[in-house]
Structures are given as C-alpha cells and as structure tokens.
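Trainee: Need a 3D model of the following:
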Amino acid sequence: MNPTTQHPQRDRHAFTLIELLVVIALIGILIGILLPALGGARKVARAQATRNMLSQIAAQSAAFETENRRAPGYFSPREMGMFTNTGQGNGTDGKGMTAMQNILLDLSGKDAIVVGTPQKNASDYLQQVGPLGNQPTDQEVRVNPTLIGTGKTNYFSPGKKNLVSFEAGPTANSPRVGVKLTGRADDLQLPDLVDYEGQPVLAWQMDESCRLPIDRGVGQNTFVSVDSGPTGNLPARFYWGSNSGILRSKAQGKLAIDSTYDNSAQDRGSTSLLAFGIGGDPMNYSNTGALATLMALVGNPGTPNPTPDPKTANIEDMLPAAPRGKIIFHAPGTDGIFLSQKEGSRFFKGNARSVYYGVGLKDTGNPGAFYTDTAGKPTSINFLDRFDDIVIAN
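Mentor: Predicted structure coming up:
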C-alpha cells in the first residue's frame, strides 16, 4: 500500500483593500490621461474636417466663377451691405441675411429659388428673401429651404449636419439677428453653413464693383466699411454688415456663443475682435475697432498699399493694396469665437482692442521694426497663425 503523499498546503491570498484601491487609482489615472488625449484628437479631426469643407466650397466658388463669369452670390455684395440688410450701420436690426446664405443660394440652391409666385406648393416657400426691402410680386425672390443642398446640379453639396437653419429674431439673443422670413407653416429659415463644431461659417465677399482709390478724406480707407449706405451709394471692398446677423447674436451656433462686446466687461475673453462696438461704434471707412480687425483679416498681408509709405507709417495707419481673396471663408475654430480677444491680445497696441493690418509687417512689441527673414530682409507674417480660426480664401 502506497503511503499517502502529503502536499504542503498553499495559502490563497485575495486582493487586500489597499491593493484594490491602488488598482482603481491607477485605472483612474490612465483614464485621466487618455480622455483629454482622445478629446484633443477629436477636436483636431473636427478642425481638419472643417478645413476640408472650406477648401471645397472655395474650390467650387472658383468653378462657379469660371463658368458664370461672376462670383457666387444671388445678390451683389453691394446689396448685401445696404441699410435694409445691415440695420443702418448703427447696431439696429436689418434683415440680417448673411453673406454665406447669399452664396449658398447660388452654389447649393439652384432648384430652391423662384422669382414671383410659385406655380405650385407656394406654402413651402419663404417670402421676400434677400437683403432688399419689399419687392413687387413679380420680382419677389422666394426660396424653399428644404431644397437647398439637394439638387444634382449643385456646385457645393455639404452634409445635412453642415446646413443649419438658425432661428432669426429681432433681438441679439436669437441665434441669428434679423427678420424672420414668413411664408412657411413651420419655422424653417434659410440655412447657414456650420463647421464640425456646429458653429456658423462666415463669408467675406469682395465688392468688385468698388474701384479704388476712392477719396473719403484724410485718415480714412476705402477697403472696409460697416455698410454700403441706404442705396449702396457708399462703396467699399468689404462690408462688415454683410455678417451682422451672426456677429450681433448672443447665441451663436450649437454652442450658443456670446462673442458680442460688453463695455461693462472689456476683458471678457469670449469677445470677438469683430464684435460691434469693440473699440467704439464702428464708423464707415474708419480704421478702428472691429473694422481695423476686419481689414487685417481680408487684406493680403504681403501687399501693403504704398500710401501711406509702409516704411514710415505707423502700424495703425497702414492699408492693404489687395485682398486676401475674392471670398474669404471664416470658421471660428474650436473655441467657437471669431478672432477672440483673448487670442488677439498679443497684437494689441496700447489700449486699442484691434488687430491692425500693419501687424503683419511690423512688430507691435518693437515699434517701427519690420519682421525680417533669415537673410535680414523685410518680410510679413500671417497674424491668423496666432488664432485657432480657420480661414480659407478663394
């Protein structure tokens, strides 16, 4: 009989409470490390998707111009800048149609537009669409917003989530400031293009009918203006008011961003340097506040106007000779703010809350000194590199 083999017993240990807590803590640390990285990767992906979309609409705008011998936009930039649309250039409410809505009518709305009374389904159409006042019935522009972006012959067909109809209203707390178009039984309005954060994309379109130079007086410029006057009799290259419907809203886009200027909180980081009233109420042809920043945005940083002489002129007096493009498509970036005051403070000169066109040529931290390349020759910088905004020029 074989003797029974005795095996030494081994103690079986379970996790102690301390060990369990350590494991949980390590998992928490890993999650804390990974989540921001994943969130950052998603933001980068959304920003790249937005950049691709803006590049696409810029390319299709060029294609439209080649085939039609004019830039896209059902109404002219001069009409988009008139009082009836901008609100008389003093912060009051106009129709509030945006330049992007106007461009989308040509690029994505060929089958959506009817001039006069529609032959069928008239209740599907918005009435009196456009920047102008009331038009005779046979000249009235009507639009079916559900057809924008759906036609097979469209130049530009964005995804459905990139076409958003913002509610228009008479107050700055509406997602879009301006006139609510009537005609439909529902609240659907003209769509705007939004980026992959759900924020509206602006379009700054050059008024090619404005021939330079135009003498507006000493110290004034003809490159940017708040509006084009009551009848379009005050031309400029670009009009701030063509995007007033978005810039004056205190609830912009999916994020409901309030980037408007608040004089009781001047250093609010969410303020846009394109906001009405920052640096004082903008005056036509002035080079201050929002208009100064707009000129820096739409002006070609490498082509300063020879008058005044860039070599001797102060930064705030320098003017561009050429635009950045005929149409500049502008998304606010991951922060949802168009050229935020927080990001732009690097370029401020004194107490002025503006980015002047001249900052692309001269350093505000070293007054009078031109930027130079590695060979010591004067060069220019793109101030937009200091912002997270995405800007694509056509």
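
Trainee: so what's the residue nearest to G130 when sequence neighbours are not counted up against?
Mentor: Using CB to CB, 6 or more residues apart in numbering and skipping the chain neighbours, the partner closest in space to G130 is V141 (5.1 Å). In short, each C-beta sits where N, CA and C put it, glycine included. With CB atoms under 8 Å, 6 or more residues apart in numbering as the criterion, the residues that contact V141 are Y74, I113, V114, V115, Q128, V129, G130, Q135.

Trainee: pLDDT wise, what is V141 at?
Mentor: Among the per-residue scores, V141 shows a pLDDT of 95.

Trainee: before we move on, what about A313?
Mentor: According to the model, A313 carries a pLDDT of 87.

Trainee: Is it in a helix, a strand, or coil?
Mentor: Assigned with DSSP: H, G, I helix; E, B strand; the rest coil, A313 falls in the coil class.

Trainee: Next one: it relative to G358, how far apart?
Mentor: For A313, the distance to G358 under the criterion CB to CB, to the nearest Å works out to 7 Å.

Trainee: Tell me how many other residues crowd the spatially closest residue to P306 that is not a sequence neighbour.
Mentor: Counting by CB to CB, 6+ apart, P306 lies nearest to A321, which is 7.2 Å off, once chain neighbours are set aside. With neighbours defined by other CB atoms under 10 Å, the count for A321 comes to 15.

Trainee: shaky segments in the stretch 51-200 of the chain?
Mentor: Applying pLDDT under 70 to the stretch 51-200 of the chain flags the ranges 89-92.

Trainee: Kindly recompute the last result at 90.
Mentor: 87-94, 117-121, 133-138, 151-153, 159-160, 167-173, 185, 187 (pLDDT under 90).

Trainee: how about the strands in it?
Mentor: 113-115, 141-143, 163-164, 168-169, 176-177, 192-193 (DSSP state E, counting those that start in this stretch).

Trainee: ok so, going back, neighbour count for A313 and G358, which is higher?
Mentor: Higher neighbour count among A313 and G358: G358, with 27 against 18, using other CB under 10 Å.

Trainee: and that one, what pLDDT?
Mentor: Among the per-residue scores, G358 holds a pLDDT of 92.

Trainee: Wait, it touches T312, no?
Mentor: No: in terms of CB atoms under 8 Å, G358 does not count as a neighbour of T312; the distance is 11.9 Å.

Trainee: which residue packs closest to R142, ignoring adjacent ones?
Mentor: According to CB to CB, 6+ apart, the nearest residue to R142 is Y125 (4.0 Å).

Trainee: and the one you found, backbone torsions?
Mentor: Listed backbone geometry of Y125 is phi -110, psi 140, with angles given as degrees, to the nearest 10.

Trainee: roughly how far apart are it and F329?
Mentor: Look at Y125 and F329: by CB to CB, they are 28 Å apart.

Trainee: Comparing the two, which shows the higher neighbour count?
Mentor: For Y125 against F329, the residue with the higher neighbour count under other CB under 10 Å is F329, and the figures read 27 against 23.

Trainee: show me the contacts for the more buried one.
Mentor: Taking CB under 8 Å, 6+ apart as the contact definition, F329 lies against L54, I57, A58, V201, L202, A203, V391, I392, A393, N394.

Trainee: how close does T98 get to E197?
Mentor: Relative to E197, T98 is positioned 18 Å away (CB to CB).

Trainee: neighbour-wise, which of these two wins?
Mentor: T98 (27 against 20).

Trainee: For that one, which non-adjacent residue is spatially closest?
Mentor: Nearest residue to T98 in three dimensions, chain neighbours excluded: G245, at 5.0 Å (CB to CB, 6+ apart).

Trainee: measure that neighbour to Q48 for me?
Mentor: Taking CB to CB as the measure, G245 falls 28 Å from Q48.

Trainee: try Y196
Mentor: Computed as CB to CB, the Y196 to Q48 distance reads 9 Å.

Trainee: So for the two, which sits in the more crowded spot?
Mentor: Neighbours per residue (other CB under 10 Å) separate Y196 from Q48, with Y196 holding more: 21 against 12.

Trainee: number of nearby residues for the closest residue in space to the more buried one that isn't next to it in sequence?
Mentor: For Y196, ignoring the flanking residues on the chain, the nearest one in space by CB to CB, 6+ apart is R46 at 3.9 Å. Neighbouring residues of R46 were enumerated by other CB under 10 Å; the total is 16.
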